[in-house]
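> Need a 3D model of the following:
(2 chains)
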2 protein chains.
Amino acid sequence: MKTIAYGVANATSPVARMMIERRDTQPNDVAIDILYCGICHSDIHQARNEWGGHSLYPMVPGHEIVGRVSQVGEAVTQFKVGQLVGVGCMVDACRHCEACAAGEEQYCNDSVFTYNAKDPKHGGLTFGGYAERITVDAQFVLNVPEHLDTQAVAPLLCAGITLYSPLKHWQVQAGQKVGIIGLGGLGHMGIKLAAAMGAHVVMITTSTSKAADAQRLGASEVLISTDVEAMAKHASSFDLIIDTIPVAHDLNPYIGLLKRDKTIVLVGPLDPVQVHGGNLITQRKQVAGSLIGGIAETQEMLDFCGKHNIVSDVEVIQANAINEAYTRMLKNDVKYRFVIDIASLKAQP
Amino acid sequence: MKTIAYGVANATSPVARMMIERRDTQPNDVAIDILYCGICHSDIHQARNEWGGHSLYPMVPGHEIVGRVSQVGEAVTQFKVGQLVGVGCMVDACRHCEACAAGEEQYCNDSVFTYNAKDPKHGGLTFGGYAERITVDAQFVLNVPEHLDTQAVAPLLCAGITLYSPLKHWQVQAGQKVGIIGLGGLGHMGIKLAAAMGAHVVMITTSTSKAADAQRLGASEVLISTDVEAMAKHASSFDLIIDTIPVAHDLNPYIGLLKRDKTIVLVGPLDPVQVHGGNLITQRKQVAGSLIGGIAETQEMLDFCGKHNIVSDVEVIQANAINEAYTRMLKNDVKYRFVIDIASLKAQP
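This is a model prediction of the structure:
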C-alpha cells in the first residue's frame, strides 16, 4: 500500500509513495482503511530524528487516525466491517503491569507506540497513519461517533486525550477556574473540553491577537501573561492550569496563579522549566506532568466529544502538501491541526 | 525580661541581654516560662536580614519553644499553670479563611509568625523564644508530652512538623518506600518520623560519611545520589520523596526515583530547582512544596512523637554561645539541632 514514509535519518522530505505492507489480520486484529490522519508536532521531531537518535527508519508517522473497519479477526466481537474507528498513540502494551491493570497503558513500560517502535509480537517496526491502511489489535481500537465531522475527529486521538486526561485526573468540576497556557493544537482542545465540563476557562497567552479566537473556542476570559497587573489580579485564583507550551520556559509566574493545594500540569514541555521552590512551598502547590491517556479513557473522551459535539479545528491537506504543512507548523501557522486526507494519497499516481 | 535580641539590620551578634517586655496576659492568653528554644536555619537568615529586607528590628528569634505555663487568661480552660507546652512558627491567624477553616493556619494569608512579624491584635512586633518568657493566644499553644526529653522536644515545633505534615498529607503507609534527601535538622526528623510510620526509609545523600548515622536514626537504606549505578537500581521505586536541601539544585535525578503518580515534596529549597518537563510527563509525576503544618496537626505530631518516643537529636548550648552556634550551623556542624538552655540566659549577669 502507499504511505508517506521517511526513508532515512535527517531526511527533510518523505519518500514519495513508499510501499509498505501491513501484517495479515490476526484473530484479535482489526484492519482499517484510513480516512484521515492528523499531524502531531511529535511527528516532525521523530521524522527528522530530533529526539536523541531514537528514530527508526523507514518511518511512517501518524497517530491521530480515523478510518473504517475493512476486516476483523475471528476473535473480534466488538467491531464490525464498515464501522468508524480510531487509533491513537499506542497499538499495544504488556497488559499485565500495574499501569495496564489501572487502565493507564500509556504509562506501561512496554507500551508499543503506533509508529517508530519495534513490534514485539509481530516483528519489525510499527507504521503509523500516513498510509492507506493499518492493522491493530482490537484492544487498542476506539469507537468513533458517526455524527461528528470525521476529518476533524482525527486530532482527538492525541491532542484531545492529552488534554482530557489531566482535566479528569485532577477532577475538574463545573464552576472551577481552569487555565490553559498556549493556544495551539493542544491548547485549543483544552479550551473546548474544559468549557464542556462546565469550567470557567481562562486562556493564558502572550499574544493579544489570540483573544478573539480563544473566546470563540469557549474561553470565558483571556489573560495576557506579560500584563503584570492582570496577572496580579488573577493571583491565587485557579483550580487547575494546563501548560501546553512546548519549549523551555519559566513556570513561576503561572505557579502564582494557583490556589493553595492546586496543580499546574505540563503536557507540552519536554524541555527544562524553571521552578522556584519557595513558590511551591508557601501554598503547597504542585507541578505535574501528564502523558496522553489510557485506552478506556480515550474511549470515554470520544464519547464525551460525541455528546458535546466537540471536534478539533482542522485544516485538511492533500498528501503531497506534507512538507509545506511541517514548515507552517514550525511557524505556528495552523488553526489548529493539520489533517491529511488519505483519499488524496490513494489518488496519487 | 532578658532576651537574645538583634537590634539592627546586618548585625552579626545579638544585643546582649536586651530587655523586652511581653504583653500582659489577655483573657485568651497563656503566659509561658521558656525552658528551651531550638535554633532553626531561618533564624539566621532573619536575624541577619538575608531575606530581601523583610527583617524587623529589634528581633528576638526562635520558634521552637518549650516551656511551662506560668499564668492563664480567664477564658483559657485547656491549659493549667505548670503544664509543659510548646509554641511553633505561628502565634495567630485570621481564623476564618478557607485555610484556617481547614486547620491549615500555616497557609492563611494573615497568619502571624512567632517573631519578625507585626502583631495586628496587640500592636508592635512579635518576639520569639530566645527569651525568658512568651505570651501566646491559647489556640496557638501546644500540649507537650511530659515523658519526652524536654530539651530535645523543642525542634519538633518546626523541624518535626515540617516533615510530619507532608508525610501525612501524601498519606505514607506502612511498607511504603520513602526517601529523605539531606541529613540535617529537617532530614533527621524525616527519617525518625517516616520510620515510626512503618515506612521503608531511604536516606538519600551525597555523603557516604552520613550512612552510619542515618541507619542509627532509622533509615533502612542509604542511597548515595552521586552513585549512578545505585540510583539506576532505585529508579521508579519510591512512593514519596521529601527534599530538605536548602539551596538551588537539580531535581531531575530524584524525579527518576519516583514511581508513576508519585511526588517529590520540597520542604527546604527556597531557591530555584531545575525540573525537566519530560521527566514529569512520562510517568505523571509531581513536584510539590509543603510549609510546616497546622496547629491541630502539630498537636497530632507531638502526640505521635509521645507515643513513639521520638525527639530531635540536639546539642544544648548556653545563651552566650549563640554566635558560635550560628557559625557552626552554616558549616553543617551540628547533629542535628542546637537548642538554647534558657536557664543560662536567666543566669547571665
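> count of residues packed around residue A:260?
17 (other C-beta atoms under 10 Å in any protein chain shown). Yep, even glycine has a C-beta here, placed from its N, CA and C like the rest.
> give the contact list for it.
A:236, A:283, A:284, A:285, B:98, B:99, B:104, B:107 (C-beta atoms under 8 Å, 6 or more residues apart in numbering or on different chains).
> Surely the second one and residue A:256 touch.
No: in this structure, residue A:283 sits apart from residue A:256 without contact. The criterion is C-beta atoms under 8 Å, and the distance is 9.4 Å.
> Now residue A:262: closest residue in space that isn't a chain neighbour?
Nearest residue to residue A:262 in three dimensions, chain neighbours excluded: residue A:239, at 5.7 Å (C-beta to C-beta, 6 or more residues apart in numbering or on different chains).
> Quick check: the one you found is in a strand.
Yes: Residue A:239: assigned to a strand according to DSSP: H, G, I helix; E, B strand; the rest coil.
> ok, now how distant is residue A:263 from residue A:310?
Note on residue A:263: its distance to residue A:310, by C-beta to C-beta, to the nearest Å, is 23 Å.
> and the stretch 51-200 of chain A, which of its residues are near chain B?
Proximity of the stretch 51-200 of chain A to chain B (C-beta under 8 Å from any C-beta of the partner chain) is limited to residues A:98, A:99, A:104, A:107, A:169.
> from those residues, which is closest to residue A:84?
Nearest to residue A:84 out of those is residue A:104 (C-beta to C-beta; 25.7 Å).
> what about the closest one, how many residues close to it?
Using other C-beta under 10 Å, residue A:104 is surrounded by 26 other residues.
> can I assume residue A:322 sits in a helix?
Yes: checked against three-state DSSP, residue A:322 lies within a helix.
> ok, back up a step: filter the contacts of residue A:260 down to the buried ones and express that as a PyMOL selection.
Buried subset of the contacts of residue A:260, written as a PyMOL selection, criterion 16 or more other C-beta atoms under 10 Å in any protein chain shown:
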select buried, (chain A and resi 283+284+285) or (chain B and resi 99+104+107)
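> any chance of the contacts of residue A:260 in CSV, with distance to residue B:330 and secondary structure too?
Output for the contacts of residue A:260, formatted as CSV (distance: C-beta to C-beta, whole Å; DSSP: H, G, I helix; E, B strand; the rest coil):
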residue, distance to residue B:330, secondary structure
A:236, 34, coil
A:283, 29, coil
A:284, 28, coil
A:285, 29, coil
B:98, 38, helix
B:99, 33, helix
B:104, 32, coil
B:107, 29, helix
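> closest to residue B:121 among the contacts of residue A:260?
Looking across the contacts of residue A:260 and measuring by C-beta to C-beta, the closest to residue B:121 is residue B:99, at 18.5 Å.
> Name the nearest residue to residue A:50, sequence neighbours excluded.
residue A:44 is the one closest to residue A:50 (C-beta to C-beta, 6+ apart), at 7.5 Å.
> Kindly confirm my reading that that neighbour is in a strand.
No: using three-state DSSP, the assignment for residue A:44 is helix, not a strand.
> Touching, it and residue A:328? I think so.
No: with contact defined as C-beta under 8 Å, residue A:44 does not reach residue A:328; the gap is 11.0 Å.
> which helices and strands sit right next to the longest helix belonging to chain A?
Criterion DSSP state H: the longest helix present in chain A is helix A:295-308. With contacts defined as 3 or more C-beta pairs under 8 Å, 6 or more residues apart in numbering or on different chains; DSSP states H and E, helix A:295-308 has these neighbours: strand A:142-143, helix A:159-169, helix A:185-196.
> Those into a markdown table, with extra columns for mean neighbour count and mean pLDDT?
Output for the helices and strands packed on helix A:295-308, formatted as a markdown table (neighbours: other C-beta atoms under 10 Å in any protein chain shown; pLDDT from 0 to 100):
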| stretch | mean neighbour count | mean pLDDT |
| --- | --- | --- |
| strand A:142-143 | 20 | 98 |
| helix A:159-169 | 26 | 98 |
| helix A:185-196 | 27 | 98 |
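> any chance of the ones you listed in CSV, with distance to residue A:13 too?
Shown next, in CSV, are the helices and strands packed on helix A:295-308 (distance: least, C-beta to C-beta, whole Å):
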stretch, distance to residue A:13
strand A:142-143, 31
helix A:159-169, 25
helix A:185-196, 22
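> Excluding chain neighbours, what is closest to residue A:203?
residue A:214 (3.6 Å).
> follow-up on the earlier one: what's the closest of the contacts of residue A:260 to residue B:66?
Distance to residue B:66 across the contacts of residue A:260 (C-beta to C-beta) is lowest for residue B:104, with 23.5 Å.
> how close does the closest one get to chain A?
8 Å (C-beta to the nearest C-beta, to the nearest Å).
> Surely that residue is in contact with residue B:292?
No: Residue B:104 is not in contact with residue B:292 according to C-beta under 8 Å; the separation is 9.9 Å.
> list residues touching both of the two?
Counting by C-beta under 8 Å, 6+ apart, nothing touches both residue B:104 and residue B:292.
> Could you pull out the helices in the stretch 151-300 of chain A for me?
Secondary structure of the stretch 151-300 of chain A by DSSP state H, counting those that start in this stretch: the helices cover A:159-169, A:185-196, A:211-217, A:228-233, A:252-255, A:277-281, A:295-308.
> how much distance is there from the second one to the middle of the chain?
What that stands for is helix A:185-196. 12 Å (C-alpha atoms, centre = their mean, to the nearest Å).
> before we move on, what about the third one?
For helix A:211-217, the gap between its own C-alpha mean and the chain's C-alpha mean amounts to 21 Å (C-alpha atoms, centre = their mean).
> One more: the fourth one?
The gap between where helix A:228-233 is centred and where its chain is centred comes out at 31 Å by C-alpha atoms, centre = their mean.
> And the shortest one, by the same measure?
Shown here is helix A:252-255, whose average C-alpha point lies 25 Å from the average C-alpha point of the whole chain (C-alpha atoms, centre = their mean).
> And the first one, by the same measure?
Taking C-alpha atoms, centre = their mean, one finds the center of helix A:159-169 at 9 Å from the center of the full chain.
> Residues contacting that helix, please?
A:38, A:40, A:64, A:88, A:178, A:180, A:185-186, A:189-190, A:193-194, A:197, A:199, A:240, A:242, A:244, A:265, A:267, A:288, A:290-294, A:297-298, A:300-302, A:304-305, A:310, A:312, A:337, B:284.
> What parts of the stretch 201-349 of chain A come near chain B?
A:251, A:260, A:263, A:266-291.
> does residue A:323 really touch residue A:12, like I thought?
Yes: contact criterion C-beta under 8 Å: residue A:323 and residue A:12 qualify, at 7.2 Å.
> hey, what's in contact with both of these two?
Here residue A:323 and residue A:12 have no joint contacts, going by C-beta under 8 Å, 6+ apart.
> Can you tell me how far residue A:220 is from chain B?
22 Å.
> What separation do you get for the closest residue to that residue other than its chain neighbours and residue B:94?
Spatial nearest neighbour of residue A:220, excluding adjacent residues (C-beta to C-beta, 6+ apart): residue A:200 at 5.0 Å. Per C-beta to C-beta, residue A:200 is found 26 Å from residue B:94.
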